[in-house]
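**Student:** okay, predicted coordinates and the sequence, questions at the end:
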Amino acid sequence: MKRFIVIWALAAAPLYGQAKSPGPDLLPSNGFLQMWDRTAPARIFNAADLYGFIDGGAELYLEFGFEQLAVQRYGSRTRPAGASSAQGQIQIEIYRMTDPTAAAGIYLANCGKETPDPSFRERHTISAFQLRFKRDRYYVIVNNLDGDKKNIPQMLEFGKYVASRLQPDAPVGALKMLPQANLVKDSLRLIRGPYALQAIYTLGEGDVLQLGRKVTAVAGNYETPGGRYTLVLADYANAADAASAFNHLRRNLDSYLKVVDKSEMALVFRDYDGKYGRISCAGPRLSVTVRLAQRPPVN
């Protein structure tokens, strides 16, 4: 299977509401909860220097649509002298994305199996080390650097403080595209380019679905009596764009995927694991079903 490296040029940020800069006005000040103080000024990262903070993962943020990141570390007033660099330390990361869909895409790519806390209202997951949540166009991580469980209530309070200063959450239409019957919980993923798609399935090199960081596809796993499979749906601006994407995918299908049947706007292939996939185009929608145990009909 071929690997690929894609370097995206950052386009000008689209106009979407009046976004708050993820800086001091979103972050608690000194003396938060009467025990947490900032250890240094907040660090601000833009698209050009995001690689300096996220080693090896910045591409996915840029692909979904990243604007700015603020990072602020706090130290506990009860932190003993001579403590390790992580002990009694909480760090907040606030990622401002281009729109709520971008924030949801990054959250879903990173949250894993969600373990929510009933006291926190935003969509989130929490462990002893991290609280991750999204609200509106923001993706937020509250890091408990030493993993001490006694700090979990403080992590939640940090998260509530930040969330309360953001606009109300907005619905993400792409998440409603998939059929709900037999959909596996926690399997939803959004896709705006090759990095997100590669984590789900290899269809070909580069932006093989021609999403261009503008079209948003959605993927999910399904559990049925006939086995588990993955469905990817993408709705383009019009039928012509969808047909163009289908033809591009057909011409550039990964060489490990062997076409076994085809028609004008559909094809069936067998993959490197001996399972089947089907790609079809109808109107503005492109549908891709993979990891099927049985060979499907082409039409």
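**Tutor:** Yes, it's here.
**Student:** C-alpha only now, for contacts and for neighbours.
**Tutor:** Will do.
**Student:** assign residue 230 to helix, strand or coil.
**Tutor:** Here residue 230 is strand, with the state taken from DSSP: H, G, I helix; E, B strand; the rest coil.
**Student:** quick one, domains of this protein?
**Tutor:** What automatic domain parsing lists as the domains of the chain is 24-164, 173-292.
**Student:** what number of residues lie near the spatially closest residue to residue 77 that is not a sequence neighbour?
**Tutor:** Spatial nearest neighbour of residue 77, chain neighbours left out: residue 35 (5.1 Å); criterion: CA to CA, 6 or more residues apart in numbering. A count of neighbours around residue 35, defined by other CA atoms under 10 Å, yields 14.
**Student:** same deal with residue 147?
**Tutor:** For residue 147, the count of nearby residues is 18 (other CA under 10 Å).
**Student:** please apply the same query to the one 10 residues further on.
**Tutor:** Summarising burial for residue 157: neighbours were counted as other CA under 10 Å, giving 17.
**Student:** that one: which element?
**Tutor:** Using DSSP states H and E, residue 157 maps to helix 152-164.
**Student:** buried residues in that helix?
**Tutor:** In terms of neighbour count (16 or more other CA atoms under 10 Å), helix 152-164 has its buried residues at 152, 154, 155, 156, 157, 158, 159, 162, 163.
**Student:** what's residue 246 sitting at in phi/psi?
**Tutor:** The phi and psi values for residue 246, taken as degrees, to the nearest 10, are phi -60, psi -50.
**Student:** wait, it touches residue 284, no?
**Tutor:** No - using CA atoms under 8 Å, residue 246 makes no contact with residue 284, being 10.5 Å away.
**Student:** hmm, who's touching the following helix or strand past the helix holding residue 157?
**Tutor:** Once the chain leaves helix 152-164, the next helix or strand it forms, by DSSP H and E, is strand 189-191. Residues from elsewhere that reach strand 189-191 (CA atoms under 8 Å, 6 or more residues apart in numbering): 64, 104-105, 108-109, 174-175, 196-197, 216-220.
**Student:** which of these are buried, as a PyMOL select command?
**Tutor:** Entered in PyMOL, the line below selects the buried ones among the contacts of strand 189-191, by 16+ other CA under 10 Å:
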select buried, resi 64+104+105+108+109+174+175+196+197+216+217+218+219+220
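**Student:** save the domains of the chain as TSV, and put in distance to residue 299 and mean pLDDT too.
**Tutor:** Shown next, in TSV, are these (distance: least, CA to CA, whole Å; pLDDT from 0 to 100):
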stretch	distance to residue 299	mean pLDDT
domain 24-164	31	95
domain 173-292	7	97
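**Student:** neighbour-wise, which of residue 246 and residue 284 wins?
**Tutor:** residue 246 (26 against 15).
**Student:** one step back: and which of the contacts of strand 189-191 is nearest residue 256?
**Tutor:** When the contacts of strand 189-191 are compared for distance to residue 256 (CA to CA), residue 197 wins out at 16.4 Å.
**Student:** how close does that closest one sit to residue 207?
**Tutor:** For residue 197, the distance to residue 207 (CA to CA, to the nearest Å) stands at 9 Å.
**Student:** what of residue 190?
**Tutor:** For residue 190 relative to residue 207 (CA to CA), the value is 14 Å.
**Student:** which one of those two is surrounded by more residues?
**Tutor:** residue 190 (27 against 20).
**Student:** ramachandran coordinates for residue 235?
**Tutor:** phi -100, psi 120.
**Student:** tell me the buried residues in stretch 135-155?
**Tutor:** 135-147, 151-152, 154-155.
**Student:** adjacent strands (with direction) for the longest strand along the chain?
**Tutor:** Taking DSSP state E as the criterion, the chain has its longest strand at strand 66-76. Here strand 66-76 has these sheet partners by DSSP bridges: strand 36-38 (antiparallel), strand 43-46 (antiparallel), strand 89-97 (antiparallel).
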